[in-house]
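# Provided below are the primary sequence and the corresponding predicted coordinates.
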Amino acid sequence: MAEPSQRKTIEGYEQAAAELITVYENLSPEAVLAPVLDYLPETGAEVLDVGAGPGTIAGWLASRGNHVTAVEPVSKFRTYGQETYQHLSISWCNSHLPELTHSRPWRCCFDIALVIGVLHHLNPPDQDRAIHILASCLKPSGRMILSLRHGPCPDDRPGFEISVEKVLHSADSAGMQVQYTSHRASIQDGNRRAGVTWTWLVLGAPGVES
C-alpha cells in the first residue's frame, strides 16, 4: 500500500493527467533520453519502464523491437497508454516503487530498467530500497538508467530532496557500478525557468562493459 505522500502524488497526477498527457506526448523520446541514448537497446531487449506515464517512452522503445513492461500507478495514464500503444509489445502493470508488486517474479528478468523522473517522489529510505529492488529485477548483464530531479516540485505532486551521493552508495551496496553520469538542465521551458535540473545515471552489473 502506498504511503500518504505517495497517495497524494498519485492523486495529483490523476488530477493533472489530461494536461500532462499532452505535455509528455509532445516531448520527443530521443530528446528526453539524449544523455543516455548510447546505453539503450536497439532491439530484442526486455525493458522495465517504472513510472511509464502515458507510455511515450515505452512506445518508442517497443517500436524499435523491444518488449516493455510499463509500470504505472496512475490509472488515467495506463488507460491512455493501453489504448494508444495497443499495437506494440507493451505489458502494463499497476504498481509503484519502492515495493514493486511483481518484483519477486521479475527477478533477473530485464536487460534495462528505466527510472525516469521517479525517484524524487520517494523519501530517502525508500529511494535506497527502490535501488535494491530494481537491481534484483535485472539480468546479470543488465543496466539501470535513472534521471534524478533537483529543484521545486508542484504542490500536488510533492518530491523529496535527492542526494546523488546517497543514490550511488545504494547502487554500490546493490552490486551496481557507475557506467555514466551527467548533470543537465531540464528540456521543458517551465521547469528550466523554475531552476529544475537533472542528474542522469547509468548503472551496470559488475559484468557489464562500459
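Everything's here; your move.
# tell me where this protein has helices.
Per DSSP state H, the chain carries helices over the ranges 4-15, 17-25, 29-32, 56-63, 75-84, 124-137, 164-173, 189-193.
# got those helices as JSON lines, with mean pLDDT and mean neighbour count columns?
C-beta here means a position set from N, CA and C on the backbone, and glycine is covered the same way. Shown next, in JSON lines, are the helices of the chain (pLDDT from 0 to 100; neighbours: other C-beta atoms under 10 Å):
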{"stretch": "helix 4-15", "mean pLDDT": "90", "mean neighbour count": "16"}
{"stretch": "helix 17-25", "mean pLDDT": "96", "mean neighbour count": "15"}
{"stretch": "helix 29-32", "mean pLDDT": "96", "mean neighbour count": "15"}
{"stretch": "helix 56-63", "mean pLDDT": "98", "mean neighbour count": "22"}
{"stretch": "helix 75-84", "mean pLDDT": "98", "mean neighbour count": "17"}
{"stretch": "helix 124-137", "mean pLDDT": "96", "mean neighbour count": "20"}
{"stretch": "helix 164-173", "mean pLDDT": "97", "mean neighbour count": "16"}
{"stretch": "helix 189-193", "mean pLDDT": "90", "mean neighbour count": "11"}
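# so which of these gets nearest Arg104?
Among the helices of the chain, the nearest to Arg104 by C-beta to C-beta is helix 124-137 (8.3 Å).
# who does the closest one touch, helix- and strand-wise?
When contacts are defined as 3 or more C-beta pairs under 8 Å, 6 or more residues apart in numbering; DSSP states H and E, helix 124-137 packs onto strand 46-50, strand 110-116, strand 138-150, helix 164-173.
# beta-bridge partners for the closest residue to Cys93 other than its chain neighbours, please?
Taking C-beta to C-beta, 6 or more residues apart in numbering as the measure, Cys93 lies nearest to Val71, with 4.9 Å between them; neighbours along the chain are not counted. As for beta bridges, Val71 partners with Val50, Cys93 under DSSP bridges.
# so what's Val71 up against?
48-52, 93, 95-96, 100 (C-beta atoms under 8 Å, 6 or more residues apart in numbering).
# which of those residues lies closest to Gln86?
Ala52 (14.4 Å).
# surely the closest one meets Ala58?
Yes - counting by C-beta atoms under 8 Å, Ala58 is a contact partner of Ala52 at 4.9 Å.
# hey, what's in contact with both of those two?
68, 70, 81.
# how near is the spatially most central residue of the chain to Arg143?
The centroid of the chain falls nearest to Val115 when counting by C-alpha atoms, centre = their mean (2.0 Å). Val115 sits 11 Å away from Arg143, going by C-beta to C-beta, to the nearest Å.
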